[in-house]
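# pasted the sequence and its predicted model underneath.
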Amino acid sequence: MASNQALILNTMDPELSEVRHTVQEALHTLSSSKDGVQISEALRSVKVYLDGMKNPVLPREREEFSKIYFSTFLRCLVSKLSPDWLELLPAGQLEELWDSFFLEGPADQAFLVLIESIIVTVGLSYPLMKMAQVLSRFLKMGRLAELMWEMCQQKVPRGSSLLQETLLSKVVCLPDHLSNQMKEQSLPLFFPQNYFPLLGEEMIQVLQRISDSLRGGSDCSIFFLSQILAKVCIHGRQKEILGVLVPRLTELTQADCIWQRLSWRLMESVPDRGMEAVVSGLIQEAPGDRVLSRLLGNLVMKNKKAQFVVTRKCLLLQYRYSTEVLQNLLGYLALDSHRRTLLLQVLKDLLETWGSSSAVKHSPVEQQLYVSKAILICLSHLKESEIDHIREELLTAMMGGVQCHIESSLPQVRHVGMIVAETISSRIHLEGPHLKFQYEENKLTRELLSLVNLKPAAASPPASGSPVVPAPAAQADCLSPEGKAHQEEEKDKGSDSDLDSDDELVPYDMSRDKELKNAKAPVYIRDCLEALTSSEDVERWEVTLQVLESLIRRSPAATKEVSAELAKVLLHLEEKTCMEGFEMLRQRALVAVTVTEPVQVAQYLTSQFYAMNYSLRQRMDILDVLVLAAQELSSPRSLEKAKIPGPPEPGVQLLPAPLTPQSNKVPSDDWRRIVEERIKNKTRRFAKGSSRSSTANGPNKFNSVVGYFFFPLIERFDRPLVTFDLLGEDSLVLGRLVHTVGILMYFAINTTAAVPMGKALLEFVWTLRFHTDAYVRQGLLYSISSILWSVPAERLLGDLTDELLETRSWLAAVTENDPDEDCRKLAMQALLLMEKLKDRLQIGSS
Amino acid sequence: MALPPPPPRFVLRGSQSAVNTLHFSCRSEADSPPLLFSGSLSGLIHVWNLQTRRVDTTLDGHAGQSVYWVKILEGQHLLLSQGRDLKLCLWDLAEGRNAPVDSLSLDSVGFCKGSVLTEGTQGCWLLAVPGKGMDEVQVLDMPSKTSVCTLKPEAGAKAGMPMCLELWKPPSGSGPLLLAGYEDGSVILWNVSERRMLSRLSCHKEPVMSLDFDSGRAKGVSGSSEKVLCVWSLDEHHSLKVCRTQELTNPGIADVAIRPDGKILATAGWDHRIRLFGWKQLKPLAVLDYHSAAVHCVAFSDPGRPGEQLLAGGSKDQRISIWSVYSQT
């Protein structure tokens, strides 16, 4: 390089060699002299070439200096940098002079020299700090804009692309370099969160100059800016830089077509590898689809990469964006007639994914939700005419999709499927019957429905001006005559009520005013049986069902005689009339029967679970009843409640005649309390133990019967019937079954059967562990947790070591690989439980 | 939390048959106790002494046929009773007598209770009873028993049988008017002296079982076998207009009664309950649930003694419940 330079110098004109002479002399002085005055003289002689305004220096000389000698000279300056050297002249004169070379000379070279010198400096030292300070002044003075502007003005000669590349990487990686070198001493300006916004501001400055020069008729290249933008975004700093660029550009492109063109050009020139980062950053930062459209233009039509990112990657391959971002993205596609073809294509792709049963089964719920949201937004953007063209395709996609969604055992997936199908059907058949599903209202469904009802016009506020708000006065005027009459009537009523009100009459409690039932409630269990099976009298049937549970609880002996029969009747009971709370009443009655006579009824119910000719609903009812009965049996409180009937309500006539009126005023409970309070007041206590709340306790009734509940349930799950195939398509029931046995296991804590149950359940889980349905897997993981919880730890580790180890590796695999988030969480919990168990045992043994 | 409704003040047992109708008589001279007359299914009329709460007298004049209307004519010691034996008996109860002094044979076999309007002149009063024809109402001058007029809706009206009658005289001083509820659910206002229909209001879909009218407010109420209570008003042009309707929990209203002071409305329900409403705005006030069978009739005592305004309900369960509710206001 140096010899090359010399060669060029030798062939130069005499005036130019004068520059060379000056520079060489100055360099010589710098390297040899220790005299401050002499050095400053030499520096000043060189500085003449920098600020040409005051000096009679030829432009050619200045150009030569800046092109050929400037960076060499700067390097020399850097090498001289030391505290002693700078103090050769008093009052920081030399320092001032030193700085000015970097701050006033050509920005690109000064920047490069500074950064490179900083990079090569070893360890924290004075020169490093000094250079960092100069660099921060450089940044603060807006020299970066200068630098970029210079790059934009160049007509991109081939040779200088190396320089461009270097500059690009240095500008973008400045925070990294600085923090690598300076560690904790780094200045706040070099932190990414401060530096990139500054860079953004500088880019706007440059764009401003470009737009001015375009208006002036001269041409500029915007390529360098696009490269910087792409590189910053690739480095993951979209938020910082676009957070500055997007609002400013939004403002500037509002009414100015040159700025719009500039913005489009800026985005189009982004190199392919940065396109994804830039576009995904933009759709997140843009405040609305109209702004996005203004900033991007028709980028997706021109650039294949951008099209891929927008139509496939953001929608089908990722699912991390919020609903607002989705709305931005799809709204952007919908805004332009060219892009609407893409919107239709996107909708088709989305529907294909949505309707694919494999996707429903294997992709995470969150992604399915994301795709569904995108579909709903797409649909809200489509016009009637467009839907006409794809009506058939929509219908086919919907029919397939809704089936595989409704089959799913996860309620979220079902709800999503229902809502999407409802929306599609309402869009393809404007009049005529729509699909209508029943789903409960929750946060998810509300959010989805709000997307459905969103009209594209409402989605994005009009770009210019505030939305026109109709004056409230106009509304009052346009009331129909009936409305007015109604209002007047109201007024009349009002005045009437002022004069004539019943307010002084205080109403009594009227809550007992219920509809009168003619039928009399049966008093004996056998009557109930008869009423439920043979009675044609609907009212009697209803009344019977209402009193049945309390009857069973009141007369356990009578219930035991007919328990199996009663359970059978209740299990097969169908809702004859539209009765309020039928399911609940029936279930409670069944639970009461089961609790009263656990062995017989549980045997019956578990055998019926695998019997022919039951609906899935009935089978799930059986599971519910078993769980509720097990809960009641295992909780000590139920025993107490069942044993002690409430005190008989004293009838008015039965009260003995009071001897004195006063003694009758204090009911029996009250005097006890009063006496206790008096004793408390007059008794001194020296220490008070924590008042112990008396916990209910009693024998665990579940202990003796748990086997009847548990084992028959897991015996025959792998034997399919004609109408009932647990391992096949009835995986919903399988999921419920797995959950049920898990719960039974949990309630079996402290029972003697817990160990064999745990063993059997572990085997059961092991056979099913790779089930495709997430709901089943959740149940399995839950069962594992309840095994760990209920089986005594020493028995678990003693008798079931091998199984436990296998399970553990399975759990570890699930935590990492399972697509369902709930599964991962449950597996994690089970693992933690297992770890705790091990710790406890170790502590116990040591 | 609102108070639970009060229990009955006391209960009169011993009519030994379903109670069809009740009538208070409290405005007598200071020495005579407040009385309650009840007519029962067995054809007996019981005269209850409200101080002793016992039966004073039992009157038997309807040959064992159900008595469905009793009414005392104030100041004349005259008791009117109407029974299913197609007779209207007049009893003079002065000095312990207990035999009918006069009777009038009726032609209607329906359940329509009569109505009485006492004219200013001593001893003269108007009586409205269902007439000979199916849809007729006959108005008689009493005690002469001369027919004043027969009121019959025009041929195409299809009003059906009259179900309840209410004779009254507007304060303006014009001739007596008659409000009649009909089988088709309509209420018709008749001008008795001109013998013409003034207004007709179809306010129910089922037969009107009972009506009462508050001439001070020119407002009346009617109940039918359906679930709705209907309040209507009469404007200065003698036309009826529905004011408001009140939905009830259970269908079937056997009787309605407005308290003489115009504050409370009581209804007797087939659902065994007596309901109370504020009469001005029809604000629901209380549901009195004591009887174990349909309540057939309700009656308020005359405001004879302040603070002692009683309500009586007679039921198919053979009991008469006496209530003292909102009696202080």
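Everything's here; your move.

# just give the number of residues close to whatever residue of the stretch 151-300 of chain A ends up closest to chain B.
With distances taken as Cβ to the nearest Cβ, the stretch 151-300 of chain A approaches chain B most closely at residue A:288, which sits 51.0 Å away. Where you see a C-beta, it was placed from the backbone N, CA and C, and this is true even at glycine. Residue A:288: 18 surrounding residues under other Cβ atoms under 10 Å in any protein chain shown.

# how far away is it from residue A:97?
Residue A:288 sits at a distance of 52 Å from residue A:97 (criterion: Cβ to Cβ, to the nearest Å).

# again with residue A:718
90 Å.

# the two: who's more crowded?
Under the criterion of other Cβ under 10 Å, the comparison of residue A:718 against residue A:97 puts residue A:97 first, with 17 against 11.

# find the nearest non-adjacent residue to the more buried one, please.
Using Cβ to Cβ, 6 or more residues apart in numbering or on different chains and skipping the chain neighbours, the partner closest in space to residue A:97 is residue A:43 (5.1 Å).

# which other helices and strands does the helix or strand harbouring the one you found contact?
Take DSSP states H and E as the rule and residue A:43 turns out to sit in helix A:36-47. Contact here means 3 or more Cβ pairs under 8 Å, 6 or more residues apart in numbering or on different chains; DSSP states H and E; on that basis helix A:36-47 packs against helix A:14-32, helix A:93-104.

# taking the stretch 451-600 of chain A, what residue is nearest to chain B?
Closest to chain B within the stretch 451-600 of chain A is residue A:502: 2.6 Å, counting by Cβ to the nearest Cβ.

# confirm that residue sits in a helix?
No - under DSSP: H, G, I helix; E, B strand; the rest coil, residue A:502 sits outside any helix and is assigned coil.

# circling back: so which of the helices and strands packed on helix A:36-47 is the most packed in?
Mean neighbours per residue, mean count of other Cβ atoms under 10 Å in any protein chain shown, is largest over the helices and strands packed on helix A:36-47 for helix A:93-104, with a mean of 17.

# tell me how far that helix is from the chain's mean position?
Using Cα atoms, centre = their mean, to the nearest Å, we find the averaged C-alpha position of helix A:93-104 to lie 53 Å away from the chain's own average C-alpha position.

# for that helix, give me every contacting residue.
Residues lying outside helix A:93-104 but in contact with it, judged by Cβ atoms under 8 Å, 6 or more residues apart in numbering or on different chains, are A:36, A:39-40, A:43-44, A:47, A:50-51, A:73-74, A:77, A:81, A:85-88, A:110, A:113-114, A:134, A:137-138, A:141, A:143.

# who's in contact with residue 193?
The chain I'm using is chain A. With contacts taken as Cβ under 8 Å, 6+ apart, residue A:193 has the following neighbours: residue A:240.

# not quite, I wanted chain B
When the contact criterion is Cβ under 8 Å, 6+ apart, the partners of residue B:193 are B:149, B:175, B:176.

# same thing but 10 Å
Applying Cβ atoms under 10 Å, 6 or more residues apart in numbering or on different chains, one finds that residue B:193 lies in contact with B:139, B:148, B:149, B:174, B:175, B:176, B:177.

# which residues belonging to stretch A:313-324 are considered buried?
When burial is assessed from 16 or more other Cβ atoms under 10 Å in any protein chain shown, stretch A:313-324 yields the following buried residues: A:314, A:315, A:316, A:319, A:321, A:323.

# just checking, the first one touches residue A:279?
Yes - look at residue A:314 against residue A:279 with Cβ atoms under 10 Å: they come within range, at 8.0 Å.

# residues contacting residue A:780?
Applying Cβ under 10 Å, 6+ apart to residue A:780 gives the contacts A:735, A:738-739, A:741-742, A:761, A:764-771, A:807, A:810, A:814, A:823, A:826-827, A:830.

# ok, the buried residues of stretch A:313-324 vs chain B, which is closest?
When the buried residues of stretch A:313-324 are ranked by distance to chain B (Cβ to the nearest Cβ), residue A:323 comes first, at 45.0 Å.

# who are the contact partners of residue B:62?
Here residue B:62 is in contact with B:39-40, B:42-45, B:68, B:81-89, B:100, B:103 (criterion: Cβ under 10 Å, 6+ apart).

# got the CA coordinates for stretch A:273-286 in CSV?
What follows is stretch A:273-286 as a C-alpha-only set of coordinates in CSV (Å, rounded to 0.1, in the frame of the first residue of the first chain):
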residue,chain,number,x,y,z
ARG,A,273,-30.9,-11.3,3.7
GLY,A,274,-32.1,-8.3,5.7
MET,A,275,-35.6,-8.2,4.3
GLU,A,276,-37.2,-10.5,6.8
ALA,A,277,-35.8,-8.6,9.8
VAL,A,278,-36.9,-5.2,8.3
VAL,A,279,-40.3,-6.2,7.3
SER,A,280,-41.1,-8.1,10.5
GLY,A,281,-39.8,-5.1,12.5
LEU,A,282,-42.0,-2.7,10.4
ILE,A,283,-45.2,-4.6,10.8
GLN,A,284,-44.7,-4.6,14.5
GLU,A,285,-43.8,-1.0,14.8
ALA,A,286,-46.3,0.6,12.4
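
# quick one: buried residues of it?
Those would be A:274-286, for stretch A:273-286 by 16+ other Cβ under 10 Å.

# repeat for stretch A:507-521
Applying a neighbour-count criterion of 16+ other Cβ under 10 Å, the buried positions in stretch A:507-521 are A:507, A:508, A:510, A:513, A:521.

# coming back round to it: in TSV: the contacts of residue B:193, plus secondary structure.
Converted to TSV, these look like this (three-state DSSP):
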residue	secondary structure
B:139	strand
B:148	strand
B:149	strand
B:174	coil
B:175	coil
B:176	coil
B:177	strand
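
# and those as CSV, adding pLDDT?
Written out in CSV, the entries for these read as follows (pLDDT from 0 to 100):
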residue, pLDDT
B:139, 91
B:148, 87
B:149, 89
B:174, 75
B:175, 82
B:176, 88
B:177, 90
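
# ChimeraX command to pick out the buried ones of the residues you listed?
Typed into ChimeraX, the next command selects the buried ones out of these (criterion: 16+ other Cβ under 10 Å):
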select /B:139,148,149,176,177
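
# out of the contacts of residue B:193, who's nearest residue A:396?
Each of those was scored against residue A:396 by Cβ to Cβ, and residue B:177 proved nearest at 74.7 Å.

# how close does the closest residue to residue B:217 other than its chain neighbours sit to residue A:445?
Beyond its immediate neighbours in the sequence, the residue positioned closest to residue B:217 (Cβ to Cβ, 6+ apart) is residue B:262, lying 6.6 Å away. Plainly put, residue B:262 is 54 Å away from residue A:445 if you go by Cβ to Cβ.

# contact partners for residue 146?
No chain was given, so I picked chain A. The neighbours of residue A:146, taking Cβ under 10 Å, 6+ apart as the test, are A:106, A:107, A:108, A:110, A:111, A:138, A:202, A:205, A:206, A:209.

# that's the wrong chain, I wanted chain B
Contact analysis of residue B:146 by Cβ under 10 Å, 6+ apart lists residue B:140.
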